[in-house]
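Q: Sequence plus predicted model, see below.
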Amino acid sequence: MQGGNQVGEKMSREKSRRANLPPVQANIDKLEEVINEGNRYGAQQMYKSISARYVSAERYSEALDLLHSGACLQLKHGEVTCGSELAVMFVDVLVKGKIPCDEETLDRILKIYKLFPKIPMPSNLAADDDVQQLTEAIGEAKIRLHGCSSFLKAAIKWSEEFGAQKNGDPQLHTMLAEYIYYESPEADMVKVSYHFARGNNIKKFATTLVNFMSKCYPGEDDIAIARAILMYLSLGNLQDANSLMDELRKQVQSQEMDFPASDLIHYINLLLLTLEKETLALFTAMRMKYDDSIDREPAFKELLDDIAVKFYGVQRRDPLQDMFGDMLKMM
């Protein structure tokens, strides 16, 4: 009987706690005034503490409304660190509330993403100021990139758990790929290609690669193309790999650029044809023949191993087994 009373009291306390919280719109309006008055740090602490109360009361929808409003307002006022912190908290509540990955919620994430500043690196700086201004610009760009990346990576992880896509929602991957490329002081084409290959916009992927080709060092263009194609293929996605190659050729031609004609690109073209025929012997022979070109990028061998698994069911070799085998031979 006592146990039943304790359960009843606990339920009563939970109900009371939920009832004592005001409708969230009152807090949204109040905190908007605080931000507009310039007290953005004070507002930040209030967003965090008030949203925690709604989460504790399992009023997830209202916590989401509050955090979404706060993230958008802080970003509109250029407060990237505060805005990104609230944006990550917004995703945390999606996870705690087990909110499904649907179009409505993705639209809210997109709205936050669009408010992250997109500022090009300065050019034509005066000789006296160029080093200091460039250093400051790089520092600010890294802050923006870290904030947006943290938010979108959290969102991708949420979409993996509560969405239909094994690798996370393609829209989120495309957003992250774009932001990394256009806002990073130095483009990390490995990360860019990784997320574009899991995205949903081949045309944007091709445009980004062509942009990179127009300004990269000699010998980097064919590696960037090969990496992009191999990343699609490592996911078992031959259709999009072919579509990307076609789109690249079309865009390169329209801009009157030269398409790379290296042995590596020749290998990639042959690989696309080989995978259509599903011939393991030819796949293996070609890999041996173009080994020098493949060796130009260490990660390519790992990607080709993944491709062998996806298209031919080749089992990966266990490095530990290989090591023990070598030791036994020596003994």
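A: Good, I have the coordinates. Residues are numbered from 1 along each chain as shown.

Q: give me phi/psi at residue 111?
A: Dihedral angles of residue 111 (phi, psi; degrees, to the nearest 10) stand at phi -60, psi -40.

Q: For the residue nearest to it when sequence neighbours are not counted, give me the pLDDT.
A: Closest residue in space to residue 111, ignoring its immediate chain neighbours: residue 72 at 6.6 Å, by CB to CB, 6 or more residues apart in numbering. For the C-beta atoms, the positions are set from N, CA and C on the backbone; glycine is no exception. Model confidence at residue 72, expressed as pLDDT, equals 97.

Q: What is the burial count for residue 72?
A: Under the neighbour criterion other CB atoms under 10 Å, residue 72 is assigned a count of 19.

Q: isn't it right up against residue 113?
A: No - taking CB atoms under 8 Å as the definition, residue 72 is not a contact partner of residue 113, at 10.5 Å.

Q: what residues are up against the residue nearest to residue 111?
A: The contact partners of residue 72, taken as CB atoms under 8 Å, 6 or more residues apart in numbering, are 83, 111-112, 115.

Q: Was I right to think residue 48 contacts residue 88?
A: No - Residue 48 lies out of contact with residue 88 (CB under 8 Å); the separation is 11.3 Å.

Q: about what we covered before: secondary structure element holding the residue nearest to residue 111?
A: For residue 72, the enclosing helix or strand under DSSP states H and E is helix 60-76.

Q: could the contacts of residue 72 go into CSV alongside neighbour count and distance to residue 233?
A: Below are the contacts of residue 72 laid out as CSV (neighbours: other CB atoms under 10 Å; distance: CB to CB, whole Å):
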residue, neighbour count, distance to residue 233
83, 27, 37
111, 13, 34
112, 23, 33
115, 20, 35
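
Q: okay, those in TSV with pLDDT and distance to residue 179 next?
A: Listed next are the contacts of residue 72 as TSV, based on pLDDT from 0 to 100; distance: CB to CB, whole Å:
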residue	pLDDT	distance to residue 179
83	97	14
111	98	15
112	98	12
115	97	12
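
Q: and these, which of them are in helices?
A: Counting by DSSP state H, the members of the contacts of residue 72 that fall within helices are 83, 111-112, 115.

Q: Residue 51: neighbour count?
A: Close neighbours of residue 51, defined as other CB under 10 Å, add up to 25.
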